[in-house]
Every structure is written in C-alpha cells, then in structure tokens.
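Engineer: Sequence and predicted structure are below.
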Amino acid sequence: MVKCVMPFTSPKELKFDPISGLSSFTLPTDLPQDVAGLIALLQGAETRCKELEIELTVTKHNADAQLLKVQRDADARIQALLEQIVLARHRQFGASSEALPAQARLFDEADVLASTSTTEQDQVSLPELGSIDHKITTPAAPKKPARGKRAPLPDDLQRVDIIHDVAEAQRTCPCGTPMIAIGDDVSEQLDIVPMQIRVLRHIRKRYGCPQSTHAPITAALPAQPLPKTNASASLLAMLLTVKYVDGLPLTRFAKVLARHGVIVADQTLARWVIGSANLLQPLHNLLRDSLLEGPVIHMDETVVQVLQEKDKSPTSQSYMWVQAGGKAGQRVVLFDYDPSRAGSVPRRLLQDYAGYLISDAYAGYAQFDQSKDIIRLGCWAHVRRRFMEAIKVQPKGKRGRANEAVELIGKLYRIERDTKESSDVERYQARQQTSVPILAQLKSWLDKTRHQVTPKSALGTALSYMADCWPTLTRYTDRGDLPIDNNRCENAIRPFVIGRKAWLFSATPAGANASAILYSLIETAKANGHEPYAWLHHVLRRIPKAQTLADYEALLPWNLLQQDLITDVVD
C-alpha cells in the first residue's frame, strides 16, 4: 500500500521503493499558501498514489507470471532429463523392444537352448534307405520338420560315408539261418574340417633350343589378383570374408595364420585388403550405375573413426554413407566413405538421379524438397521408434498417449504385411482403401495431442518429429511399389556397425575407402542370394582376366548362378 510519509508540493517529487512497497516524498521548499492550492496538491498526490498502486499490482502479476514460467520450464527440463536417464539406463541394461526375447540372454545361450531341447532332437535319423532293393527313397518335396524336430542338413554338403557293420558272429538268426542284408539305417552328423593352409606351387615349364640358337620360352603364368604378392584368390577371399562378413580384425586373422605356422604381418594383410578393393573398383562403379537406374533409393549414414584423416583430429568422426536400391532383380547395396556429414555429400552421391529417396529427417536431405527430380519419402520406423521411447519412460503398467500412436502405426504395418506378396496394383488399392483413412485418423490425433504435451518431453519430441515429417510420411500411399520405411537400408548398414565394434576404426582414408568398396560388394552379393566367400572366390579368380565391360558385368552378383559358385569352390 502506498503511504505518504511527509507533505509535499508536487506529485513529480514522489519516489517509489519497489522492495518495501512504500513511497516517500521530499519536502518542497515552497508550499502554496492558499487553500485551493493545497487542495489541488493533495488531489494530485491521491491520483498519483492510485496510479502507483495499479503499477505495483501489474508488476507483481508480471513477476508471478514470470516466476511461474520459470518454474514450468524448470519442471519440463527436469522431466526431460529424467526421461533421458531412464532411456539411457534402458539402452545400457534393458532388452531391445525390436529384438526377440531370447536375445536378452546371449551370454548363456548354450545353457538356455540346451535346457529347452530334447534327446530326440539330438538323435534325429534322416529318411532310411530303401529296404531290400537298397534304393534311397527321396521325398518329392522337402517337408517342414515337425515341431521339436531338427531340419535335414543341406543336400549340397559333402557326404562322407562311415560304415558300421554287424559283427560276423551276430549275423546268424536264432533259427540257425544266416541273415542277409535287407537295408540300412542312416543318420547324419554335422562335421567340420579345420581350416587348412597349403602352398600352391606354380611350375612353369621352360623349353630351349638344343643348339642354344634362340632364346628359351617359358609357359605364361595366369593372371593373378595381386601379382606382386604371394596371396592366392582363395586366401584373399577368406581374408575379406572374415573381416567384412565375420567382423574379425586383421590382427586376429594374423593370429589364426600364426597358429598354423604362417607369419603374416598386420600391415601386409592391410595392403592385401586395399589391393583387393582397388582390383574390385570397376564392379563398385557398375553397382552405382545400377543403383541410380532404380526407382527408389534408401539412404542413411553412420559414423566411422579414421585416425589419419587430413585436417581432422584422430578422435573426430567421419561417416560411411549407405544406399540401397536397384532395378528389379538387381538388389544393390552401396557404401561410400566421406569425412563430412554435410549436405554436399548426398548431393554428390545422388547426382543425375531421378526418382524417390527415402531417409530419416536429417537436415542434409531437406535440400531435395526443392528438387524436380527427387521426391522424398519419410520413414515410419523412425517415427515409431520415438513413440516407443516415450512408452519406455511412462510409469510401469500405465497406458499413455504414446500407446495410441504405436497402435495406429501398427495398423499401417499390418496392411503392409498382409499385402507383402500382392502385386503393386493390389497393394496400392489396399493402401488407398485402408491406409489413407488410418493416416487421416493419426493426423487428427496428432493435431489434437501435440499442443497438450511438453515439447521437450519424449512424447513431445516424438510428436514434433512426426509433425515435421508428415508430408513425406504419407507419400508412400501414392503408389504400390513405394516402401513404408527405411528398414532395407538399416538392415544393410547393420553388418558394418557390428563389425565396427570389433575393429573400432580405420587407420587411413585409403583403408576406409577400401572398406566401403568391399562392404558394398559383399552386401550386394548377400542381397542377391550368394554366399560371400563363394562369390568372392569366383570373382577374384576371374577379374584379373577381365578386359571388356562385358567381362566385368558377367561378374556382378545377379549375372551368376549359385551352382556356378559351388562348382568353382569345389574345383
């Protein structure tokens, strides 16, 4: 409350103390001597006191509002930090929501699987040989094994027959008649032969003139993958397989060789890897051509550490960019190394491309929103993942708004599952009839919920992400052949991420580029149904002789039959 402490002559001389809430006045030097002047002075002071009371009320209201806003922001920040702690603990110690339950116990896998198996599973006999005629009875078509039974071993594995005969003394029937062979009981046991290291001796015959008149001639040595080394195509194929398929660092493979008495330095193995990548570079170029000719490209990137990258710290991050796509019947997976994550990288990689691009919401892809040739698609898997994180931070057993989003997204995926084997036309019709109404329902829910949730919370972040990506998320329903998510690229990038946990980093950019080439070729071979070692062995034996474009194209995974690779390995 405003209080006048001393008489005064002018309201302009009033001083207000915002802390105490009191106003003080200085004593004027000349007071009016008439009654009217004093009355006017008092009326002015009263008016000024009322103004100050109003100002004080407004000031307190603004201060309370500001304090309330600060408190709300602090509460939201605390809640966001608590959610981050919960998610971090879940990532560190919890089971992944996208994995099978059994994966939570990887370290005691043998105990778990053994405890759930039966004796019959370990002693399954394959179909018996024919009875008296000794002919093997082969079923017309392979049947799915009964529940709890092991599937037969692959037919293309080499068979070694071990005969177990009945003792001569036991072949006489109790009636006294000698027994005759009426059939065989056959059971198969999976066996493995440890890796064998041998030396291939190339003996080149040399002929000379008996009279020493002319120079001698020597048989030519067939073209070799790495001519100035003593590594065969088989060794190189195994080296690339254990590193890029099995994720074994070069130093560990060197120890494997050392156990067999062969000492090969890690640096030598690294040079063989880079040399193999240079040899296979033309195939990588052909893969890019096929990728750019496809209607859809999946794209993503992941980090990789390169120790000797120019103008970068050894602890800094570089990037491996992954693209997946290709024409019908030509599935392509392409890796490209670049020290930067700038938007110029995807612009360079997608130069001259026209079609659909599906990716996450990384800002580097936003430049294609203005492109006339590239149409962006959003990834529903990324959206669902954020709502799953919001569910994880909810109180246990409580159903929240994030569950509603996950259920609606699940309906979209159920339609995709039901139409997986359908034609593009049938899938398009199903999307228009069923998916589009679900998307409209999801959009209505998004608009209603978004402004009721704290933006920085896990749910608020998921809602903002979906709202920002909405135009690209609904675009997949425009056609029947467009993907709903970017899982194809994420599945292709997973072997690299798993291998990176073992070898941790690349020493040089040359090594990183070699890894990009080799991961591209191996993952493309796998995507087209080939066993990586068999395909590499076949290609490394033949690519030194390739001269023309047709020679290189004949080595691409979709131009080779699996039977050719099996025969090649056996030979």
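Structural biologist: That came in fine, so what should we check first? Numbers count the residues shown, from 1 in each chain.

Engineer: going forward, measure contacts and count neighbours with C-alpha atoms only.
Structural biologist: Fine.

Engineer: what's the helix or strand for Thr302?
Structural biologist: Using DSSP states H and E, Thr302 maps to strand 296-304.

Engineer: by contact count, what packs against the following helix or strand past that strand?
Structural biologist: Later in the chain than strand 296-304, the nearest helix or strand by DSSP H and E is strand 318-325. When contacts are defined as 3 or more Cα pairs under 8 Å, 6 or more residues apart in numbering; DSSP states H and E, strand 318-325 packs onto strand 296-304, strand 332-338, helix 487-503.

Engineer: Which of those has the highest mean neighbour count?
Structural biologist: Ranked by mean neighbour count, the helices and strands packed on strand 318-325 are led by strand 332-338 with a mean of 25 (mean count of other Cα atoms under 10 Å).

Engineer: the inter-axis angle of that strand versus strand 318-325?
Structural biologist: 160 degrees (axes from the mean of the first three to the mean of the last three Cα atoms, to 10 degrees).

Engineer: got the domain boundaries for this structure?
Structural biologist: 11-76, 278-365+486-571, 379-485 (automatic domain parsing).

Engineer: winner for burial among the ones you listed?
Structural biologist: Among these, highest average neighbours (mean count of other Cα under 10 Å) belong to domain 278-365+486-571, with a mean of 18.

Engineer: quick one: Leu235 from Met299, how far?
Structural biologist: Look at Leu235 and Met299: by Cα to Cα, to the nearest Å, they are 33 Å apart.

Engineer: Distance to Val264 and mean pLDDT added to the domains of the chain, as JSON lines?
Structural biologist: Listed next are the domains of the chain as JSON lines, based on distance: least, Cα to Cα, whole Å; pLDDT from 0 to 100:
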{"stretch": "domain 11-76", "distance to Val264": "59", "mean pLDDT": "70"}
{"stretch": "domain 278-365+486-571", "distance to Val264": "18", "mean pLDDT": "88"}
{"stretch": "domain 379-485", "distance to Val264": "44", "mean pLDDT": "90"}
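
Engineer: on that earlier part again, tell me which of the helices and strands packed on strand 318-325 approaches Gln547 most closely.
Structural biologist: strand 332-338 (23.3 Å; Cα to Cα).

Engineer: so what secondary structure elements neighbour that closest one?
Structural biologist: Counting by 3+ Cα pairs under 8 Å, 6+ apart, strand 332-338 packs on helix 266-292, strand 318-325, helix 509-527.

Engineer: Tell me which of these approaches Glu55 most closely.
Structural biologist: Closest among these, using Cα to Cα: strand 318-325, at 58.4 Å.

Engineer: For Arg414, which three-state class applies?
Structural biologist: With DSSP: H, G, I helix; E, B strand; the rest coil as the basis, the three-state label of Arg414 is helix.

Engineer: Return the distance of it relative to Glu407.
Structural biologist: Distance from Arg414 to Glu407, by Cα to Cα: 10 Å.

Engineer: Now do the contacts for Ser515.
Structural biologist: Contacts for Ser515 were tallied using Cα atoms under 8 Å, 6 or more residues apart in numbering; they are Tyr244, Ala277.

Engineer: can the helices and strands packed on strand 318-325 go into CSV with extra columns for distance to Pro437?
Structural biologist: Listed next are the helices and strands packed on strand 318-325 as CSV, based on distance: least, Cα to Cα, whole Å:
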stretch, distance to Pro437
strand 296-304, 25
strand 332-338, 34
helix 487-503, 24
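
Engineer: Can you say which of these is nearest to Leu240?
Structural biologist: helix 487-503 (12.3 Å).

Engineer: So what's the gap between that closest one and the chain middle?
Structural biologist: In terms of Cα atoms, centre = their mean, to the nearest Å, the gap separating the centre of helix 487-503 from the centre of its chain is 6 Å.

Engineer: Mind listing residues that contact it?
Structural biologist: Counting contacts by Cα under 8 Å, 6+ apart, the residues touching helix 487-503 from outside are 243-249, 298-300, 302, 304, 322-324, 333, 381, 519, 523.

Engineer: Repeat that for stretch 442-459.
Structural biologist: Against stretch 442-459 from outside (Cα under 8 Å, 6+ apart): 76-77, 79-80, 83, 386-387, 389-390, 393, 402, 405, 408, 460-461, 463-464, 467.

Engineer: Just the CA coordinates for the strand or helix carrying Leu236, please, in PDB.
Structural biologist: For Leu236, the element it lies in under DSSP H and E is helix 233-244. In PDB, the C-alpha atoms belonging to helix 233-244 read as follows (Å, rounded to 0.1, in the frame of the first residue of the first chain):
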ATOM      1  CA  ALA A 233      42.500 -65.800 -54.700                       C
ATOM      2  CA  SER A 234      41.300 -68.300 -52.100                       C
ATOM      3  CA  LEU A 235      43.400 -66.600 -49.400                       C
ATOM      4  CA  LEU A 236      42.100 -63.200 -50.400                       C
ATOM      5  CA  ALA A 237      38.500 -64.400 -50.400                       C
ATOM      6  CA  MET A 238      38.900 -65.800 -46.900                       C
ATOM      7  CA  LEU A 239      40.700 -62.700 -45.700                       C
ATOM      8  CA  LEU A 240      37.900 -60.400 -46.900                       C
ATOM      9  CA  THR A 241      35.200 -62.800 -45.600                       C
ATOM     10  CA  VAL A 242      36.500 -63.000 -42.100                       C
ATOM     11  CA  LYS A 243      36.900 -59.200 -41.900                       C
ATOM     12  CA  TYR A 244      33.800 -57.900 -43.600                       C
END
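
Engineer: Check which helices and strands it sits against.
Structural biologist: Helix 233-244 packs on helix 250-259, helix 266-292, helix 487-503, helix 509-527, helix 532-542, going by 3+ Cα pairs under 8 Å, 6+ apart.

Engineer: Of these, which is nearest Asp191?
Structural biologist: helix 532-542 (19.3 Å).

Engineer: Show me the contact partners of that closest one.
Structural biologist: 224-225, 233-234, 236-238, 241, 245, 522, 525-526, 555, 557, 565-566, 568-569.

Engineer: CA atoms only: put that helix into PDB for me.
Structural biologist: The C-alpha trace of helix 532-542 is given here as PDB (Å, rounded to 0.1, in the frame of the first residue of the first chain):
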ATOM      1  CA  PRO A 532      30.000 -64.200 -49.700                       C
ATOM      2  CA  TYR A 533      33.100 -66.400 -49.800                       C
ATOM      3  CA  ALA A 534      32.000 -68.400 -52.800                       C
ATOM      4  CA  TRP A 535      31.200 -65.200 -54.800                       C
ATOM      5  CA  LEU A 536      34.500 -63.500 -53.800                       C
ATOM      6  CA  HIS A 537      36.500 -66.600 -54.700                       C
ATOM      7  CA  HIS A 538      34.800 -66.800 -58.100                       C
ATOM      8  CA  VAL A 539      35.300 -63.100 -58.800                       C
ATOM      9  CA  LEU A 540      38.900 -62.900 -57.600                       C
ATOM     10  CA  ARG A 541      39.900 -65.800 -59.800                       C
ATOM     11  CA  ARG A 542      38.400 -64.200 -62.900                       C
END
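
Engineer: Cheers, nothing more for now.
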